[in-house]
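# build the 3D model from these lines:
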Amino acid sequence: MEEIEHRRVEVNGINMHVAEKGQGPVVLFLHGFPELWYSWRHQILSLSQKGYRCVAPDLRGYGDTDASPSVDSYTVFHIVGDIVALIQSLQVENVFLVAHDWGAMIGWYLCMFRPDLVKAYVCLSVPFLRRNPTVPTVDSMRALYGDDYYICRFQEVGKVEAEMAKVGAEYVLKNILTTRKTGPPIFPKGEYGTAFNPDMKESLPSWLTSQDLAYFVSKFEKISFTGGLNYYRNLNLNWELMAPWSGGKIKVPVKFITGELDMVYTSLGMKDYIESGGFKEDVPNLEEVIIQQGVAHFNNQETPHDITNHIYDFITKF
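Predicted coordinates:
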């Protein structure tokens, strides 16, 4: 890990922390919530030894990257703008893109807005989300799962932060990272409670060491969860902003990987969308879908070697 280089890059009006290792074609990694560049530690070390330049930023509002104070500074245009500026700073024509969770959503938008910058995309956990032309995103989720669905609970500024602060960053991170509960996360009213993981064990799973957890905790104790939560608070605004792209297709070559226990795969009709052909219709160059048996949401950390091999096998085609 000490071989990974760290630097700060000025992009799109903010200073972004970037972890980097290796020489060769760029593989750009985008993390999700509540994560950091560190989520890609295994892939960075492995792929940098295979002839790739691995680049993993802390996204806006996370880790050692600047956190804009206003909620509406976390729209997809802001976040994708950060990534476009980062790619341009690397002085390359395009990159291999690998992304997970919220990073995956940003990845889809990057592919839609700037397909010229992405040679191929390995997407983890979150498939392309087709825009409903009549119902805003959060409204449709509330209609489906009610006010206690986690994304609905995240909407009010400061409220869930206060609930998380009561149990502490270590509890929140351990609770989310280790969950294997399928289906939509529903929070109890007025408290964080057991939240994502009602079956949280005292011990950590083999793939998450106490040192790993401590690194995540050290960063979120410093910056809080507000930056990451602000992504969710812009879902309805993103829905408005994305009207010109309604019905648009993703033309970049894609490989999609998720776990059969993933909370995204097992809610919001995702399984049917992926298996019925809707996903392929929206992403015509979707080349492969991998469903990992017995694997949950954080598959890049839970099955690092498997994910690395899937990435390598795909990007070596291009």
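
# need the contact partners of stretch 259-279.
For stretch 259-279, contacts defined as CB atoms under 8 Å, 6 or more residues apart in numbering pick out 101, 125-128, 130, 141, 144-145, 179-185, 196, 256, 258, 286, 289, 291-297, 299, 302-303. For glycine as for every other residue, the C-beta is placed from the backbone atoms N, C-alpha and C.

# in it, what counts as buried?
Within stretch 259-279, the residues that count as buried by 16 or more other CB atoms under 10 Å are 259, 261-268, 270-271, 273-274, 278-279.

# still on that earlier bit, the contacts of stretch 259-279 in helices, which ones?
141, 144, 145, 299, 302 (DSSP state H).

# save these as CSV, and put in pLDDT, distance to residue 239 and neighbour count too.
Listed next are these as CSV, based on pLDDT from 0 to 100; distance: CB to CB, whole Å; neighbours: other CB atoms under 10 Å:
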residue, pLDDT, distance to residue 239, neighbour count
141, 97, 11, 19
144, 96, 15, 13
145, 97, 17, 18
299, 98, 27, 23
302, 98, 31, 22
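
# and the two most separated of these?
144 and 302 (27.2 Å; CB to CB).

# for the protein, what spans make up the helices?
Under DSSP H, the chain gives helices at 41-48, 76-89, 102-113, 137-145, 150-153, 159-167, 169-177, 210-223, 226-232, 235-241, 270-276, 278-282, 299-302, 304-315.

# those helices: which one's closest to residue 251?
Short answer: helix 102-113, nearest of the helices of the chain by CB to CB, at 7.7 Å.

# re the thing from before, and the helices of the chain: which comes nearest residue 249?
Going by CB to CB, the one of the helices of the chain nearest residue 249 is helix 278-282, 6.1 Å.

# off-centre distance for that closest one?
Here the centre of helix 278-282 is set off from its chain's centre by 20 Å, with CA atoms, centre = their mean, to the nearest Å.

# over to stretch 2-22?
18 Å.

# columns distance to residue 30 on top of the helices of the chain, output as CSV?
Below are those laid out as CSV (distance: least, CB to CB, whole Å):
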stretch, distance to residue 30
helix 41-48, 12
helix 76-89, 7
helix 102-113, 3
helix 137-145, 20
helix 150-153, 19
helix 159-167, 23
helix 169-177, 17
helix 210-223, 17
helix 226-232, 12
helix 235-241, 16
helix 270-276, 19
helix 278-282, 20
helix 299-302, 11
helix 304-315, 13
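
# which of the contacts of stretch 259-279 are buried, as a PyMOL select command?
Selection of buried members from these for PyMOL, criterion 16+ other CB under 10 Å:
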select buried, resi 101+125+126+127+128+141+145+179+180+181+182+184+185+196+256+258+286+289+292+295+296+297+299+302+303
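
# just the ones in strands from the contacts of stretch 259-279, please.
Mapping the contacts of stretch 259-279 onto strands (DSSP state E) picks out 256, 258, 286, 289, 291, 292.

# which residues sit in contact with the fifth one?
Meaning residue 291. Contacts of residue 291 (CB under 8 Å, 6+ apart): 258, 259, 260, 265.

# any idea how far the third one is from residue 111?
Going back to what we said before, that points to residue 260. 25 Å (CB to CB, to the nearest Å).

# one more: the first one?
For residue 258, the distance to residue 111 equals 18 Å [CB to CB].

# ok, now the last one?
Look at residue 265 and residue 111: by CB to CB, they are 20 Å apart.

# what about residue 247, neighbour count?
8 (other CB atoms under 10 Å).

# without its sequence neighbours, what residue ends up closest to residue 86?
With CB to CB, 6 or more residues apart in numbering as the criterion, residue 86 has its nearest non-adjacent residue at 5.1 Å, and that residue is residue 11.

# who are the contact partners of the one you found?
81, 82, 85, 86, 89.

# got a list of what the second one touches?
I take that to be residue 82. 11, 12, 14, 16, 57, 59, 60 are the contacts of residue 82 under CB under 8 Å, 6+ apart.

# filter those down to the buried ones.
Buried, going by 16+ other CB under 10 Å: 11, 12, 14, 16, 57, 59, 60, out of those.

# residue 78 is in contact with the second one, correct?
Yes. Under the contact definition of CB atoms under 8 Å, residue 12 touches residue 78, with a separation of 7.2 Å.

# my read: residue 198 touches residue 183, true?
No. Using CB under 8 Å, residue 198 is not in contact with residue 183; the gap is 11.8 Å.

# flag the shaky bits of this protein, pLDDT-wise.
The chain contains no residues with pLDDT under 70.

# quickly list what residue 29 is bridged to.
Note on residue 29: beta-bridge partners residue 98, judged by DSSP bridges.
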